[in-house]
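In: The following block contains a protein sequence and its predicted model.
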Amino acid sequence: MSIPQSGGGPIESYDQLAEYLESGCKPAQDWRIGTEHEKFGYCKDTLRPLPYDGPRSILAILEGLRDRFGWSEVREADKLIGLELNGANISLEPGGQLELSGAPLENIHQTCDEVNEHLREVQAVSDDIGARFIGLGAAPVWLHDDMPLMPKGRYKLMDSYMGTVGTTGTAMMRRTCTVQVNLDFASEADMVRKFRVALALQPVATALFANSPFWEGKPNGVRSYRSYIWRHLDDSRTGMLPFVFEDGMGFERYVDYALDVPMYFVYRDGQYINALGQSFRDFLKGELPALPGEKPTLSDWADHLTTIFPEARIKKYMEMRGADGGPWRRLCALPAFWVGLLYDGAALDAAHDLAMSLDTETREGLRVAAADHALQGEAGGVKLHDLARQCVDIAEAGLKARARAGAGGLVPDETHFLSALKDSIETGESPADELLARYNGDWRGNLNNIYTDYSY
């Protein structure tokens, strides 16, 4: 999850809220790719999750990365809660999941190099203390009480609030992981087209990357339990945002939506002030109960935007949020998928036509079907396997058209990063299907084998 935002003076008018989003617009030559991925850490001998501090801990991992690889500290209330280096950040999710928020890069070759270097560094530090990491959409065995809440004020507030608005909020915080990619837009019109594609086709990403078929030691009956958890989290800040497909969609319409999402907090002087359930509209009028008489800054607005969790969301860029965390090779496949769809004009046209062929009911049905059945799901007469094949074909064409070479020019484009997804299209199976086959086959129902066979 996000760290506190910085910069930006007081908000003097409503127009500044949309202008903040619009300030992210940039020409195509300046578009970048920012990949984020989370993973669970555990003790190699006990298979228990890493606590925050101690000789084998998240703190020891952070300190090892700092001392061995030159990362700079990020602290909150004198607790080490993250690292930064060359435009990238390492942060902690609520249950101790370690997240890399990558630097904005020009192509998928650079993205994959960054992912590989990060995982090698994490592996080196982990080996020294007897820890390991695994990429899954949801913790397969651990219970809620097994997962320590990280020492961040934001998480303490959220933890207490989640149970009042849904049934799965604390499970999301402590026991799920994702991989996502952040992409740019050129204009308001370009944002709207990309946003519609991102939302309508997000179930395809959920299906292709479904990787959480286990919960509390046994199969949970779905392929992406992480996606199931998000559906039952908090209706006021999650979902497929049907208004994005209506006439009049633009930055101001998204602002109106965001203003109606209840607040979590206000960040002041290194402290998170409880504003749970309060209104940013009241804040604009100086009537926020948490800070009576005080009006927000643009940093407060930026913070508030990080507390909104639809399947895709916009800030000064667009975030794709529908995929489970997963194995090493799929961490590069997700940005390849979305870059292929959105960063080439002809590919975007084809993807937009596909997205707009799906009505509201079908889009929502596909979201449910993707979580439940992955590539074997269907809704409104649309089969996810067929839709995924179309999307991957479009993405491949988009990457070919981009023609971003790698390996010193020896690799002509970025299409090979889609290979894992093409394998899934060929078989009709997601990573979750592979895990279930192992569970019912050579693992003989013993989930401890998942750590041996699927850790980084």
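Out: Here it is on my side, so go on. Numbers count the residues shown, from 1 in each chain.
In: buried sites along the longest helix anywhere in the chain?
Out: Of all the segments assigned as helix in the chain under DSSP state H, the longest by residue count is helix 108-129. Of all the residues in helix 108-129, those buried under the rule 16 or more other CB atoms under 10 Å are 108-112, 114-115, 118-119, 121-122, 125-126, 129. (Glycine included, C-beta is placed from N, CA and C.)
In: Residues touching that helix, excluding its own?
Out: 33, 35, 37, 41, 55-56, 60-61, 64-65, 68-69, 88, 90, 98, 100, 102-103, 105, 132-133, 328, 331-332, 335-336, 339, 399, 404-407, 411, 414, 417, 456 (CB atoms under 8 Å, 6 or more residues apart in numbering).
In: want to throw the buried residues of helix 108-129 into TSV with pLDDT and distance to Val181?
Out: Listed next are the buried residues of helix 108-129 as TSV, based on pLDDT from 0 to 100; distance: CB to CB, whole Å:
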residue	pLDDT	distance to Val181
Ile108	98	10
His109	98	15
Gln110	97	13
Thr111	97	8
Cys112	96	12
Glu114	97	12
Val115	97	11
His118	98	15
Leu119	97	17
Glu121	98	21
Val122	98	20
Val125	98	25
Ser126	98	25
Ile129	98	30
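In: Now do the phi/psi pair for Glu246.
Out: phi -90, psi 160 (degrees, to the nearest 10).
In: Count the neighbours of it for me.
Out: Neighbourhood size, Glu246 [other CB atoms under 10 Å]: 10.
In: mind checking which helix or strand the closest residue to it other than its chain neighbours is in?
Out: Spatially, and ignoring its direct neighbours in sequence, Glu246 is nearest to Arg253 (8.0 Å; CB to CB, 6 or more residues apart in numbering). Element membership of Arg253, judged by DSSP states H and E, is helix 251-259.
In: And the following helix or strand past that helix, what does it pack against?
Out: Downstream of helix 251-259, the next assigned helix or strand under DSSP H and E is strand 265-268. Here strand 265-268 touches helix 153-162, strand 271-274, helix 298-305, going by 3 or more CB pairs under 8 Å, 6 or more residues apart in numbering; DSSP states H and E.
In: Keeping just the C-alphas, turn the shortest one into CSV.
Out: This file holds the C-alpha atoms of strand 271-274, laid out as CSV (Å, rounded to 0.1, in the frame of the first residue of the first chain):
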residue,chain,number,x,y,z
GLN,A,271,1.0,11.0,12.4
TYR,A,272,-2.1,9.5,11.0
ILE,A,273,-5.2,11.3,12.3
ASN,A,274,-8.4,9.2,12.5
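In: Can you name every helix or strand that that strand contacts?
Out: Using 3+ CB pairs under 8 Å, 6+ apart, strand 271-274 is in contact with helix 153-162, strand 265-268.
In: can you tell me the average pLDDT over whatever helix or strand comes next after that strand?
Out: Downstream of strand 271-274, the first helix or strand assigned by DSSP H and E is helix 280-284. Mean pLDDT, helix 280-284: 97.
In: okay, Ser160: pLDDT?
Out: pLDDT at Ser160 comes out at 86.
In: Look at the closest residue to it other than its chain neighbours and say how many residues are nearby.
Out: Spatially, and ignoring its direct neighbours in sequence, Ser160 is nearest to Leu276 (7.6 Å; CB to CB, 6+ apart). Leu276 is flanked by 15 other residues according to other CB under 10 Å.
In: so what's Leu276 up against?
Out: Contacts of Leu276 by CB under 8 Å, 6+ apart are Leu157, Ser160, Tyr161, Pro262, Met263, Tyr264, Phe265.
In: Could you tell me which of these count as buried?
Out: Among the contacts of Leu276, those scoring as buried are Leu157, Tyr161, Pro262, Met263, Tyr264, Phe265 (criterion: 16+ other CB under 10 Å).
In: returning to that earlier point: pipe the helices and strands packed on strand 265-268 into a markdown table and attach distance to Thr168 per row.
Out: Output for the helices and strands packed on strand 265-268, formatted as a markdown table (distance: least, CB to CB, whole Å):
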| stretch | distance to Thr168 |
| --- | --- |
| helix 153-162 | 8 |
| strand 271-274 | 22 |
| helix 298-305 | 22 |
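In: Among those, which comes closest to Lys194?
Out: helix 298-305 (17.0 Å; CB to CB).
In: Tell me the helix or strand right after that closest one.
Out: strand 309-310.
In: average model confidence for that following strand?
Out: 98.
In: Looking at Ala186 now. What's its pLDDT?
Out: What the model reports as pLDDT for Ala186 is 98.
In: Now do the same for it: helix, strand or coil?
Out: coil (DSSP: H, G, I helix; E, B strand; the rest coil).
In: wait, doesn't it sit right on Gly24?
Out: No: if you go by CB atoms under 8 Å, Ala186 and Gly24 don't touch, sitting 10.1 Å apart.
In: so how far is Pro140 from Lys218?
Out: Separation of Lys218 from Pro140 (CB to CB, to the nearest Å): 9 Å.
In: Settle it for me: which of these two has more neighbours?
Out: Taking other CB under 10 Å, Lys218 and Pro140 do not tie; Pro140 has more neighbours (26 against 13).
In: does that one count as helix, strand or coil?
Out: With three-state DSSP as the criterion, Pro140 reads coil.
In: ok now do it, which residues does it touch?
Out: Ser212, Phe214, Trp215, Gly217, Leu447, Ile450.
In: Buried ones from these, can you make that a ChimeraX selection?
Out: Of those, the buried ones can be selected in ChimeraX as follows, counting by 16+ other CB under 10 Å:
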select :212,214,215,447,450
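In: Report the two of the contacts of Pro140 separated the most.
Out: Ser212 and Gly217 (13.4 Å).
In: and the gap between Arg48 and Leu62?
Out: Arg48 is 19 Å from Leu62, by CB to CB.
In: Looking at those two, which has the bigger crowd around it?
Out: A side-by-side neighbour count of Arg48 and Leu62, using other CB under 10 Å, places Leu62 first with 23 against 13.
In: So that one: helix, strand or coil?
Out: Secondary structure, three-state DSSP: Leu62 is helix.
In: Between the contacts of Pro140, which sits nearest Arg313?
Out: Ser212 (21.0 Å).
In: just checking, the closest one touches Trp230?
Out: No: Ser212 is beyond contact range of Trp230, at 11.1 Å (criterion: CB under 8 Å).
In: ok, which stretches of the stretch 1-150 of the chain are strands?
Out: Taking DSSP state E, counting those that start in this stretch as the criterion, the stretch 1-150 of the chain carries its strands at 33-43, 72-76, 79-85, 88-92, 98-101, 131-134.
In: Nothing else from me, thank you.
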